[in-house]
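Engineer: Mind folding the following:
(chains A and B)
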Number of protein chains: 2
Amino acid sequence: MTPWQSRFSPYASRVTPSAIFELTTMPRAPDTINLGPGEPDASMFPVGALTKVLSQTLQTSSVAQRALQYTVNAGYPQLRQKICDYMRTKGVACSVENILVTNGAQQALDLLTELFVRPSTKVVVQAPTYPGALGVFKADGAEVVSIDQHKKSPRDDIALIYATANFHNPTGTSLSLEERRELIALAHMSSTVLVEDDPYETISLDGTPSHSMLSLELHERSIEDAHTIYVSTFSKSAAPGLRVGWVVAPAVIIERLTLLKQSEDLQAGTLAQVAVAGAMDFIMQEHVPRLRDAYRARRDTMLSALIENFGNDVQWTQPAGGFFIWLSLPPEINTSVLLSRAALEGVTYVPGSAFSHDGSFSNALRLSYSSVGTPLISEGVRRLAAVVRGAE
Amino acid sequence: MTPWQSRFSPYASRVTPSAIFELTTMPRAPDTINLGPGEPDASMFPVGALTKVLSQTLQTSSVAQRALQYTVNAGYPQLRQKICDYMRTKGVACSVENILVTNGAQQALDLLTELFVRPSTKVVVQAPTYPGALGVFKADGAEVVSIDQHKKSPRDDIALIYATANFHNPTGTSLSLEERRELIALAHMSSTVLVEDDPYETISLDGTPSHSMLSLELHERSIEDAHTIYVSTFSKSAAPGLRVGWVVAPAVIIERLTLLKQSEDLQAGTLAQVAVAGAMDFIMQEHVPRLRDAYRARRDTMLSALIENFGNDVQWTQPAGGFFIWLSLPPEINTSVLLSRAALEGVTYVPGSAFSHDGSFSNALRLSYSSVGTPLISEGVRRLAAVVRGAE
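Structural biologist: Numbering: from 1, shown residues only, chains lettered A, B, ... in the order given. Now for the predicted structure:
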């Protein structure tokens, strides 16, 4: 066999498998309860609304033809307009020139990294943070540092700041107003961008709508002068298999991102964009409230089960939204090592180090309540507590 | 406004707008006949078959859930299997581990470039060639040379060879067996890959099925030892708005490409992949023969109109398939300059230099017969001939 590895580019050689995807190959008990994956619950997808839109789209020949043909690189015009209108309801005064439709939020992060990061420049992140973003930053050769590390030894060559303000993955917590202001100020001081990843913005569980850092920044200046670049997705509010996400940014940045998108894959799928545009009012107004009710019940079940099963030596977060709870076990427990035992005992999670740029959080783990019904959540937490007790 | 341009990475700064997309903003006569764009004819999309598959998919809840959820990064398993089976009918003995599903062929070219090309390495291309590939190679910093230029001063540091053997864009011509063998031999001699872009493989118009360079190479060795990497798409046989294409390569290459794909956007859209998998038998067995009949009639109309309207000082290719005819006008005519007059006279084309890595072919142009009906093809060619006569 040809030794192709030696021909791979430095970029390609830096791309590593996601720790979360590696989970799927681990030996486990047959009835294992997976509290690892952060997938939305497929049984709650808005199938009826999507079916209606797709069948209406395909039954009129001129509409069907448009939905299956190439469209504008930046996104299907009606969807860009819908996203723009939605962002306005969220306090973001923007126009369609500020919107790019991407293949989910992941592609938005990848394009923004390609736009701003060059090898050996610095990317500042929350610790812990989303592994899919860490992977992209590292593949592009960035030096990744946490906000705390940056504060200890500030440097000028920051290429990009990456943060989630609402219902953060993996902790489920949100940033305070003060923390948000600090990040925006840091972006301005460093003459760089704050990439705000907001995939869980619709999954607010305690009755208070989420606010973006971008909307906060727009109290002070116009979208064209903002340093916050907003990224979100329909993967949580509708369905991830559609692969539709978006970016909101100054027009000059959207213009260049659109060129990168054109070069990479021309455009997001037209049919999926048409489906989302047609179903979007229903999704945001009727579907999302139902999702909130369902995920709220699951979160509450998981929090109760944690109280019931764990002692004082284990701490966890109290998420006001999103899909996740973050547990900190006693420092001597390595959750990566513990995972293979947990899987054999019938429960999985994601070890904390997967969310770290430097291997920290070895005693932490992420639990997801998004894709498992309430009875299994309780049983999963019970099993986990037994495994943890066995390790203490 | 923040001067963001100064913060853009070298890669992002090298990405330039496609010349073909720039065409769309040019002033033109109101009844202009567009012989420029290479889009498939939307009126021939397999809307019925896709509607049937999508409605069947969405009406069974477990199937709908799978079609809207995340799927395997390398592609929806049934689609990978279908593509694998299809490639076997085309003389390519492969298994699913040799298949990656991408967002159209464009993303396949982008991922392969990221995998093999680093700045200042050499990419060898046909001249003229597909602008979307040239754009990707240049964005990644490659030095692009033609096969002829390479032959004149061979060098060792070839990162990638890029070629279309069947019904080439923009010329419509196919490579001889000898030329195909030469390219495969060059890939082996240079210890590099021959990326075979075969988007028009189904649009064979003269009754002889197309053969790939990959199938030719597999006479000599197994897929795991092949240096030809095959890229194709459902954009011409089904519909481009689905954004479904694929790569066939040694498993070790597919594995690394899949990591790149995961990092960039996780996966191609699940629903679109399910639709293609379900409609694929119909598309290949029933739909493609109808497309061939329709495109054959258009090609013949265009060739007749060329004979009727142009004199001996203009040459053109005789495509046996695909969407395009390539015209060479007298050397003193600059088709980029001529285009603005042609547009005002009611006909557009793509100037030859758009297909060149070094600005050659200034007297050539590409005509497409794919998206315009036969009466308009004749009238468009008549208008073009009048404009050319005016320039002589």
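Engineer: residue ranges with poor pLDDT in the stretch 1-150 of chain A?
Structural biologist: Residue ranges of the stretch 1-150 of chain A with pLDDT under 70: A:1, A:20-22.
Engineer: Packing partners of the longest helix seen in chain A?
Structural biologist: As assigned by DSSP state H, the longest helix anywhere in chain A is helix A:288-309. The helices and strands touching helix A:288-309, judged by 3 or more Cβ pairs under 8 Å, 6 or more residues apart in numbering or on different chains; DSSP states H and E, are strand A:324-328, helix A:374-391. Where you see a C-beta, it was placed from the backbone N, CA and C, and this is true even at glycine.
Engineer: Out of those, the one nearest B:Leu329 is which?
Structural biologist: Closest approach to B:Leu329 among these (Cβ to Cβ): strand A:324-328, 63.3 Å.
Engineer: For that closest one, give the mean pLDDT please.
Structural biologist: The average of the pLDDT scores along strand A:324-328 is 98.
Engineer: How far does it sit from its chain's centre?
Structural biologist: Strand A:324-328 has its C-alpha centroid displaced from the chain centroid by 16 Å (Cα atoms, centre = their mean, to the nearest Å).
Engineer: Name the residues of the following helix or strand past that strand that are buried.
Structural biologist: Toward the C-terminus, strand A:324-328 is succeeded by helix A:335-344 as the next helix or strand (DSSP states H and E). Neighbour-count burial for helix A:335-344, with 16 or more other Cβ atoms under 10 Å in any protein chain shown as criterion, is recorded at A:335-336, A:338-339, A:342-343.
Engineer: what angle do helix A:335-344 and strand A:324-328 make?
Structural biologist: 120 degrees (axes from the mean of the first three to the mean of the last three Cα atoms, to 10 degrees).
Engineer: Would you mind getting the angle between helix A:335-344 and helix A:374-391?
Structural biologist: 120 degrees.
Engineer: got the contact list for the helix or strand following helix A:335-344?
Structural biologist: Using DSSP H and E, the helix or strand that follows helix A:335-344 in sequence is strand A:347-348. Among residues not part of strand A:347-348, those counted as contacts by Cβ atoms under 8 Å, 6 or more residues apart in numbering or on different chains are A:23, A:26, A:28, A:32-36, A:339, A:342, A:380, A:383-384, A:387.
Engineer: ok, now which ones touch the residue of the stretch 251-392 of chain A found nearest chain B?
Structural biologist: Across the stretch 251-392 of chain A, the shortest distance to chain B (Cβ to the nearest Cβ) belongs to A:Thr270, at 3.1 Å. With contact set as Cβ under 8 Å, 6+ apart, A:Thr270 has these partners: A:66-71, A:76, B:240-243.
Engineer: Contact partners for A:Ile99?
Structural biologist: Per Cβ under 8 Å, 6+ apart, neighbours of A:Ile99: A:74-75, A:80, A:83-84, A:87, A:246-248, A:254.
Engineer: Pull up the gap between A:Gln56 and chain B, please.
Structural biologist: A:Gln56 is 11 Å from chain B, where distance means Cβ to the nearest Cβ, to the nearest Å.
Engineer: Name the helix or strand for the closest residue to that residue other than its chain neighbours, please.
Structural biologist: Nearest in space to A:Gln56, with sequence neighbours left out and distances taken as Cβ to Cβ, 6 or more residues apart in numbering or on different chains, is A:Gly278 at 7.2 Å. Using DSSP H and E, A:Gly278 maps to helix A:270-282.
Engineer: relative to helix A:288-309, how tilted is that helix?
Structural biologist: Using the same axes, to 10 degrees: helix A:270-282 against helix A:288-309 is 80 degrees.
Engineer: Could you give me the buried positions within helix A:270-282?
Structural biologist: Buried residues in helix A:270-282 (16+ other Cβ under 10 Å): A:270-280, A:282.
Engineer: give the contact list for the closest residue to A:Arg88 other than its chain neighbours.
Structural biologist: Take A:Arg88 and drop its neighbours on the chain: the residue closest to it by Cβ to Cβ, 6+ apart is A:Cys94, 7.0 Å away. Neighbour list for A:Cys94: A:84, A:87-88, A:223, A:248 [criterion: Cβ under 8 Å, 6+ apart].
Engineer: if we go to 10 Å?
Structural biologist: By Cβ atoms under 10 Å, 6 or more residues apart in numbering or on different chains, A:Cys94 lies in contact with A:83-85, A:87-88, A:214, A:218, A:222-224, A:226, A:230, A:248-251, A:254.
Engineer: quick one on the thing from earlier: got the confidence number for the residue nearest to A:Gln56?
Structural biologist: For A:Gly278, the predicted pLDDT is 98.
Engineer: ok, it touching A:Leu54?
Structural biologist: Yes. The criterion here is Cβ atoms under 10 Å, and A:Gly278 meets it with A:Leu54 at 8.1 Å.
Engineer: after whatever helix or strand A:Leu134 lives in, next one along is what?
Structural biologist: For A:Leu134, the host element (DSSP H and E) is helix A:131-139. As assigned by DSSP H and E, the chain's next helix or strand after helix A:131-139 is strand A:143-146.
Engineer: That following strand near chain B anywhere?
Structural biologist: No. Against chain B, strand A:143-146 shows no contacts by Cβ under 10 Å from any Cβ of the partner chain, the least distance being 14.5 Å.
Engineer: Ok, stretch A:353-364 next?
Structural biologist: No. Against chain B, stretch A:353-364 shows no contacts by Cβ under 10 Å from any Cβ, the least distance being 14.4 Å.
Engineer: For that stretch, buried residues please.
Structural biologist: Quick answer for stretch A:353-364 (16+ other Cβ under 10 Å): A:353-357, A:361-364.
Engineer: Looking at those, which are in helices?
Structural biologist: Short answer: the buried residues of stretch A:353-364 have none in helices (DSSP H).
Engineer: biggest separation within those, which pair?
Structural biologist: A:His357 and A:Asn363 (16.9 Å).
Engineer: Now do the strands in the stretch 101-250 of chain A.
Structural biologist: A:122-125, A:143-146, A:158-163, A:193-197, A:228-233, A:245-248 (DSSP state E, counting those that start in this stretch).
Engineer: of all those, which lies closest to B:Asp313?
Structural biologist: strand A:245-248 (50.2 Å).
Engineer: burial measure for the residue of the stretch 101-250 of chain A found nearest chain B, as a count.
Structural biologist: The minimum distance from the stretch 101-250 of chain A to chain B, using Cβ to the nearest Cβ, falls at A:Gly241 (3.1 Å). By other Cβ atoms under 10 Å in any protein chain shown, the residues close to A:Gly241 number 28.
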